[in-house]
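> predicted model and sequence below, questions to follow.
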Amino acid sequence: MEMPTVNDAAALIRVGVISAEELTRACLETIENENDELNAFVFVDAEGALASAKEVDRLIRDGRVDELGVLAGVPFGVKDLEDCAGMPTTRGSRWFANGSAQSTDSIHVGRLRKAGAIPIGKTATPEFGAWAYTASPLLGVTRNPWNLERTPGGSSGGSSAAVSSAMVPFATASDGGGSIRTPASFTGLVGLKNTYGRIPTFGDTHLAQNSVVGSLTTSVRDTALLLDVMAGPDSRDRTSLPAPTESYLESIDTIDLSRYRVAWSSDFGFAVVDSRVAALCRDAAQAFASSIGVTLVERPIELDDYIRTYVAIEGVDKFVGVERDLWENHLDELDPRTITGWTSLRERTLPWAANVEFTRRRLVHEAAAMFQDVDLIVTPTSSMPPFGAEGPMPTEIEGVEVHAGMSVVLAMLANLVNLPAISVPAGLVDGLPVGLQVIGPRFREDLLLAAAAHYESRRPWPRHHWGTTAGGNDG
């Protein structure tokens, strides 16, 4: 059987066309067959998942469908930066390698579980989610189903590899600087970075306010359905937003998109972008505008490179909740590439942090000016196709020497200025997926999802076939 979308799986299980147990066993079989090569899952709870699936099927047999949530019986993966009751959370670090199973869920994982979705295991992440590729001394290297030599992106690379290879219909993900959108771009998936506070957390990044949680899926409507489940306030998160006034899934079919203005930028005026990626995404941007019935605006956007601000602001929350003994006496246990950040940031001062915030406020004002005469801005999601699975971050693009963040710098803007953004497939470069990023006004996930769904319906994209790896372009 082919892997169904989230929407289809939930509907088919509810009416008895397939059983939750059948789908869960199919997912577990695919994990067993594919995971040795991909390293997408780093922990699997087959027994717990099957028990949950059997309970869903029992309720359906007993005629108690009304007791089921909208995601009843749909298996999913949980990124290993997020807690899932009964499973360990390592954060990709040897500091937490021997931790016991968590007793509670992260808020969004708990909401997915309450809606009936079945957590099947934990997906790989680089140490502390630090990189745009997924590899760590603890968890190993995670590989792209489209080409095993390339990365599925980071830091949600385990989730993207799992969904792209059809191990599960969806997986959770998080995005502090493109960590949902880059993996979506690199594996041909849909990845939404929502407005900060749309999906509450237990307190993650309340100072930097960069990182959000969400999902990776194979369709825009799946992303909308999952946002419906995960969004809404929680009293434990002082930054959480009010509940949405209408369903994101339903708004896809009700928003009139013809009055919205769409602008294209290949580089925000400073980024170095692979010419093949730029050309492909420019064509996709034109198709995106046409799909919603508008003309693409050729409007220059000129920003200064904000990489220093991004790197600095990311350090604001680094030490929160981490025992002093770890970062004072156990740095040798970390990925060598992450040690520098810990050693340099622990010497910073409050005046330094205040200056970082001042530079970000200036960027927020510049971003606000960008939206004075347009409603949506489209760019490449990443500056180049998927790079090597083992890392490090590339420092050269088409022969031009660049800083290590250049490959994903276009995605960082939405995090720094708190705008929603989505990556949808633009096409293939050398047989590898490349994503188109759409950035919207603050709080307008409904607009992004509606526009992306129109684009998706007019421009179907290649899928990686279920049960195939080893570098196929199976589209």
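Cool, got the structure. Numbers count the residues shown, from 1 in each chain.
> pLDDT averaged over stretch 77-88 - what is it?
For stretch 77-88, the mean pLDDT works out to 98.
> residue 142: what's it in contact with?
The neighbourhood of residue 142, defined by C-beta atoms under 8 Å, 6 or more residues apart in numbering, consists of 38-40, 124, 134-135, 151-152, 157-158, 161, 389. The C-beta positions use only the backbone N, C-alpha and C, and glycine is treated the same way.
> mind checking which of the residues you listed are in strands?
Using DSSP state E, residue 135 are the members of the contacts of residue 142 that sit in strands.
> quick one: low-confidence ranges for the protein?
With pLDDT under 70 as the threshold, the chain has low-confidence stretches at 1, 203-205, 462-475.
> how near is residue 32 to residue 320?
Applying C-beta to C-beta, to the nearest Å, one obtains 37 Å for the distance of residue 32 from residue 320.
> wait, I meant residue 209
Taking C-beta to C-beta as the measure, residue 209 falls 13 Å from residue 320.
> neighbour-wise, which of these two wins?
Per other C-beta atoms under 10 Å, whichever of residue 209 and residue 320 has more neighbours is residue 209, with 19 against 12.
> where's that one, which helix or strand?
Per DSSP states H and E, residue 209 falls between elements, in no helix or strand.
> quick one: it and residue 416 touch, right?
No. With the criterion set as C-beta atoms under 8 Å, residue 209 and residue 416 do not qualify as a contacting pair; they are 9.6 Å apart.
> in the stretch 1-150 of the chain, which spans are strands?
For the stretch 1-150 of the chain, strands defined by DSSP state E, counting those that start in this stretch occupy the ranges 41-44, 75-79, 118-123, 135-136, 140-141.
> whoops, I mixed them up, the stretch 151-300 of the chain
Shown for the stretch 151-300 of the chain, the strands assigned by DSSP E, counting those that start in this stretch span residues 170-175, 190-193, 212-217, 262-264, 296-298.
> circling back to that earlier point, would a markdown table of the contacts of residue 142 with neighbour count and distance to residue 81 be doable?
What follows is those, written out as a markdown table (neighbours: other C-beta atoms under 10 Å; distance: C-beta to C-beta, whole Å):
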| residue | neighbour count | distance to residue 81 |
| --- | --- | --- |
| 38 | 25 | 19 |
| 39 | 22 | 16 |
| 40 | 29 | 15 |
| 124 | 33 | 10 |
| 134 | 34 | 11 |
| 135 | 26 | 15 |
| 151 | 30 | 17 |
| 152 | 36 | 16 |
| 157 | 38 | 12 |
| 158 | 35 | 10 |
| 161 | 37 | 16 |
| 389 | 22 | 19 |
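> now flag whichever of the contacts of residue 142 is closest to residue 341.
Ranked by distance to residue 341 (C-beta to C-beta), these are led by residue 135 at 16.6 Å.
> which residues does the closest one bridge with?
In this entry, residue 135 is beta-bridged to residue 141, by DSSP bridges.
> where do the helices sit along the stretch 351-475 of the chain?
Counting by DSSP state H, counting those that start in this stretch, the segments of the stretch 351-475 of the chain that form helices are 409-417, 445-458.
> and residue 254, what does it touch?
Here residue 254 is in contact with 246, 450 (criterion: C-beta under 8 Å, 6+ apart).
> quick one: residue 177 from residue 144, how far?
Using C-beta to C-beta, residue 177 is found at 20 Å from residue 144.
> which one of the two is surrounded by more residues?
Between residue 177 and residue 144, residue 144 has the larger neighbour count (other C-beta under 10 Å), namely 31 against 27.
> I'd like to know how far the more buried one sits from residue 241.
Look at residue 144 and residue 241: by C-beta to C-beta, they are 34 Å apart.
> tell me the most buried of the helices of the stretch 351-475 of the chain?
With neighbours defined as mean count of other C-beta atoms under 10 Å, the helices of the stretch 351-475 of the chain peak in mean count at helix 409-417, which reaches a mean of 25.
> for it, packing partners?
With contacts taken as 3 or more C-beta pairs under 8 Å, 6 or more residues apart in numbering; DSSP states H and E, helix 409-417 sits against strand 190-193, helix 307-314, helix 350-370, strand 421-429, strand 432-439.
> output the first one as CSV, nothing but the C-alphas.
Looking back up the chat, that one is strand 190-193. Backbone C-alpha positions of strand 190-193 (Å, rounded to 0.1, in the frame of the first residue of the first chain) are rendered in CSV as follows:
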residue,chain,number,x,y,z
VAL,A,190,6.2,21.1,2.9
GLY,A,191,7.5,23.0,6.0
LEU,A,192,5.8,25.9,7.7
LYS,A,193,7.6,28.2,10.2
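> re the thing from before, dump the helices and strands packed on helix 409-417 into a markdown table; add distance to residue 25 and mean neighbour count as well.
Output for those, formatted as a markdown table (distance: least, C-beta to C-beta, whole Å; neighbours: other C-beta atoms under 10 Å):
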| stretch | distance to residue 25 | mean neighbour count |
| --- | --- | --- |
| strand 190-193 | 26 | 32 |
| helix 307-314 | 40 | 20 |
| helix 350-370 | 47 | 14 |
| strand 421-429 | 29 | 25 |
| strand 432-439 | 28 | 28 |
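> make CSV from these and add distance to residue 91 to it.
Formatted as CSV, the entries for the helices and strands packed on helix 409-417 read as follows, by distance: least, C-beta to C-beta, whole Å:
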stretch, distance to residue 91
strand 190-193, 20
helix 307-314, 15
helix 350-370, 23
strand 421-429, 24
strand 432-439, 26
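> and of those, who's closest to residue 410?
Distances from residue 410 to each of the helices and strands packed on helix 409-417 were compared using C-beta to C-beta; the minimum, 6.4 Å, belongs to strand 432-439.
> residue 65 is nearest to which of the helices of the stretch 351-475 of the chain?
helix 445-458 (27.3 Å).
> and the closest residue to residue 421 other than its chain neighbours, how far from residue 186?
Spatially, and ignoring its direct neighbours in sequence, residue 421 is nearest to residue 414 (3.9 Å; C-beta to C-beta, 6 or more residues apart in numbering). Taking C-beta to C-beta as the measure, residue 414 falls 17 Å from residue 186.
> could you save the contacts of residue 142 as a markdown table and add columns showing distance to residue 10?
Formatted as a markdown table, the entries for the contacts of residue 142 read as follows, by distance: C-beta to C-beta, whole Å:
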| residue | distance to residue 10 |
| --- | --- |
| 38 | 25 |
| 39 | 28 |
| 40 | 22 |
| 124 | 26 |
| 134 | 28 |
| 135 | 34 |
| 151 | 31 |
| 152 | 25 |
| 157 | 26 |
| 158 | 23 |
| 161 | 23 |
| 389 | 33 |
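> having no further points to raise, I will conclude here.
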